[in-house]
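1. Provide a 3D model corresponding to the input given below.
(one chain, ligands or ions: 2)
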Amino acid sequence: MANTILIGAQWGDEGKGKIIDVLTARADIVVRSQGGNNAGHTVIHRGVKYILHLIPSGILRRGKICVIGNGVVIDPVTLVAEIDRLRELGITIERNLLISDCAHLVLPYHRLLDEQRELRRGKIGTTKRGIGPAYADKAARTGLRMSDLMQPMVFSKKLQAKVLENNRILQALGARPISFRDVNESYLAAGEKLRPFVANTVVYLHRALARGKEILFEGAQGTFLDIDHGTYPYVTSSNTTAGGACTGTGVPPHRVGRVVGVMKAYTTRVGEGPLPTEDRQLAETFHNRGREFGATTGRKRRCGWFDAVATRYATMINGIDELAITNLDGLDHVDPIRVCVAYWLNEKRLDVPPCDAAQLANCEPIYEEVRGWNRPTGSAKKFSQLPPAAKAYVKYISKLTGAKLSMISVGPTRGETIIL
Ligand code: IMP
Ligand code: MG
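-> Ligands and ions are numbered 1, 2, ... in the order given. The predicted model follows:
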C-alpha cells in the first residue's frame, strides 16, 4: 500500500474511524496530523465499541505504531484518561504510541474561553474542547507545547504567566478564574504518564519511511470544517484537508501516494453553519432509527441529502483518488432518494460552493431524484450482492463526485465493508 491520506469529504463524521480500521490492516504506522479531542472516531472491534478521540484508530490492531503528530493539539489529562480507558478494555499501549514533542497543549483556559464564546450570539456550535483557543495561541506564538510539559520548571513558569493573562480575560467575560496550582499539578502529573511516549515524531516517521514502512494518515473532521477551505467561520481551527497531513507530521507531499476520501451516502453536520441540502424529515427518520448522534458530544447531527457540489469540490482540493462511501445502509428504506447536483444562487446555477457562508446558506439545491431499494444492504459482502438500485446509486454519486469508488460500508463493523 502506498502512503495514504484518509480524509473526510464532507463535514466530519463520515465514518472515517471504521475505514481507517479497515485500511490499517495494510499499513505499518497510523498518524493523526491535526485536530484534537474534538474528534470522535468510532470503531467496533470484536463486538466492543471504541470511540477514539486523540489516539489513532490503529491502536486497536496489534503490531501497528500510532503517532500523534505535531499538528495535533493535546489535552494531556484527557489523553491519559483515553489511554487508561483503552488499557482497561485490554488494549496494549506501550511502545506502539508516539506523541510529538512539538504538539501544542490544550489548557483549561482554552476550554473555558471556548465555552464562553459559545454563549454568545453567532456561536459556532463547537465541541467546547478548547480547540479553537488552543490553535489561536499556537498561531499567536504564545502556546505551550509537549516539550514544555516535559520540562516541569519551564512548564510551570510559562503556565503561571498564561494563567494570569487568561484569568483577566475570563473575569472580563464573567467566568470564574482558574487556579494555577491545580492546573500545574494535574498537567505535570499527566505529563509524567505521557513521558514514555513523547518523541521527535518527524524523525521517527522519516526513519520509518527510509526502511520502507507505510504510513496511513488519519484525517479528523472533514473538508468543509477546514479553517481555509471550509464554511468559515463555521469551521474547526485546523487544516482538515489533505495538505494538513504534511504540515501536521513533517512528511513531505511527494511521499504521499494516495488520497482516500470518505463520504456518507447522504450528508450530516454537527454545530452551526450552512448545510444546503438539510432536510428535517430525513433527520427525523435517521434519529428515530438511532442513527446520527455525535460520537464526542452526543448531539443530534443535522442531516440532508447527498451534496455532489460539495463532494466534487472536496475531490478537487484534496486530490482524492479513491472514494469510500459509508452508511449506505442508512438509506435502505428511503424512497425516493434525492441527490443535489448543483445550486441555485441569485438566478445563477453554481457547480462549486461559494466561499461565503451566508451565500452558501442562501443556495437552493437542484435535486435529481433516484429510486430507493427498500431492503437491507447490511449482509452484502460483494458489490454484486447489493440491490440494483443501490448499485446504481453508489455509481451515480461517485460519478458526480469524480473519483474512483473503492469501498462501500454497509454497517458499523469491519466485516460490513465491500472492497472493490
Ligand atoms: P471545534 O472543533 O470544537 O472548535 O468545533 C468547530 C466545528 O467543528 C463545530 O461545528 C463542531 O461541531 C465541528 N466539529 C469538530 N470536530 C468534529 C468532528 O470530529 N466531527 C464532526 N464535527 C466536528
Ligand atoms: Mg466523528
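
2. Okay, now the unreliable bits of the protein?
-> Within the chain, not a single segment meets pLDDT under 70.

3. after the top helix by length along the chain, next one along is what?
-> For the chain, the helix with the greatest residue count under DSSP state H is helix 152-172. Scanning forward in sequence from helix 152-172 by DSSP states H and E, the next helix or strand is helix 180-194.

4. Remind me what that following helix packs against, helices and strands.
-> helix 76-88, helix 146-149, helix 152-172 (3 or more CB pairs under 8 Å, 6 or more residues apart in numbering; DSSP states H and E). For every residue, glycine as well, the C-beta is placed using N, CA and C.

5. Which one of those helices lies nearest to His287?
-> Of all the helices and strands packed on helix 180-194, helix 76-88 sits nearest to His287, with 27.0 Å by CB to CB.

6. Okay, angle between the closest one and helix 180-194 too, please.
-> Orientation check (axes from the mean of the first three to the mean of the last three CA atoms, to 10 degrees): helix 76-88 against helix 180-194 gives 40 degrees.

7. Okay, Met146 and Leu52: tell me how far apart.
-> Taking CB to CB, to the nearest Å as the measure, Met146 falls 19 Å from Leu52.

8. nope, Asn288 is what I was after
-> Applying CB to CB, the value for Asn288 to Leu52 is 27 Å.

9. correct me, but Lys391 touches Phe383?
-> Yes - assessed by CB atoms under 8 Å, Lys391 is found in contact with Phe383 at 6.7 Å.

10. got the residues of the protein near ligand 1?
-> 12-13, 38-40, 124-127, 129, 131-132, 220-221, 225, 234, 236-237, 270-271 (CB under 6 Å from any ligand atom).

11. Of these, which qualify as buried by neighbour count?
-> 12-13, 38-40, 124, 126-127, 129, 131-132, 220-221, 225, 234, 236-237, 270-271 (16 or more other CB atoms under 10 Å).

12. and stretch 380-392, how far apart are its ends?
-> End-to-end distance for stretch 380-392, by CA to CA, to the nearest Å: 15 Å.

13. give the contact list for whichever residue of the stretch 1-150 of the chain sits closest to ligand 1.
-> Among the residues of the stretch 1-150 of the chain, Gly12 lies closest to ligand 1, at 2.8 Å counting by CB to the nearest ligand atom. Taking CB atoms under 8 Å, 6 or more residues apart in numbering as the criterion, Gly12 is in contact with Ala39, Ala220, Gln221, Gly222, Leu225, Thr240, Arg269, Val270.

14. Run through the helices of this structure in chain order.
-> Under DSSP H, the chain gives helices at 16-24, 76-88, 108-117, 131-139, 146-149, 152-172, 180-194, 201-210, 243-247, 280-288, 308-318, 357-362, 388-401.

15. what packs against the shortest one?
-> What that stands for is helix 146-149. So helix 146-149, by 3+ CB pairs under 8 Å, 6+ apart, packs with strand 104-105, helix 152-172, helix 180-194.

16. do that again at 10 Å, thanks
-> strand 97-100, strand 104-105, helix 152-172, helix 180-194, strand 198-199 (3 or more CB pairs under 10 Å, 6 or more residues apart in numbering; DSSP states H and E).

17. between those, which gets nearest to Cys303?
-> Comparing these under CB to CB, the one sitting nearest is strand 104-105, at 33.2 Å.

18. ok, back up a step: just the angle between the longest helix of the chain and helix 108-117, please?
-> 20 degrees.

19. Return the distance of the spatially closest residue to Phe286 that is not a sequence neighbour relative to Tyr234.
-> Leaving aside its sequence neighbours, Phe286 sits nearest to Glu292 (CB to CB, 6 or more residues apart in numbering; 4.4 Å). Counting by CB to CB, the separation of Glu292 from Tyr234 is 18 Å.

20. and the stretch 1-150 of the chain, which residues reach ligand 2?
-> By CB under 5 Å from the ion, the residues of the stretch 1-150 of the chain that approach ligand 2 are Asp13, Gly40.

21. Within its local environment, how many residues does the closest residue to Thr4 other than its chain neighbours see?
-> Using CB to CB, 6+ apart and skipping residues adjacent in sequence, the residue nearest Thr4 is Arg258, 4.7 Å away. Arg258 has 16 neighbours, counted by other CB atoms under 10 Å.

22. Next up, the contacts around Arg258.
-> Met1, Ala2, Asn3, Thr4, Ile5, Leu6, Leu216, Gly319, Ile320, Asp321, Glu322, Ser406 (CB atoms under 10 Å, 6 or more residues apart in numbering).

23. Recalculate using a threshold of 7 Å.
-> Ala2, Thr4, Asp321, Glu322 (CB atoms under 7 Å, 6 or more residues apart in numbering).

24. try Arg117
-> Lys123.
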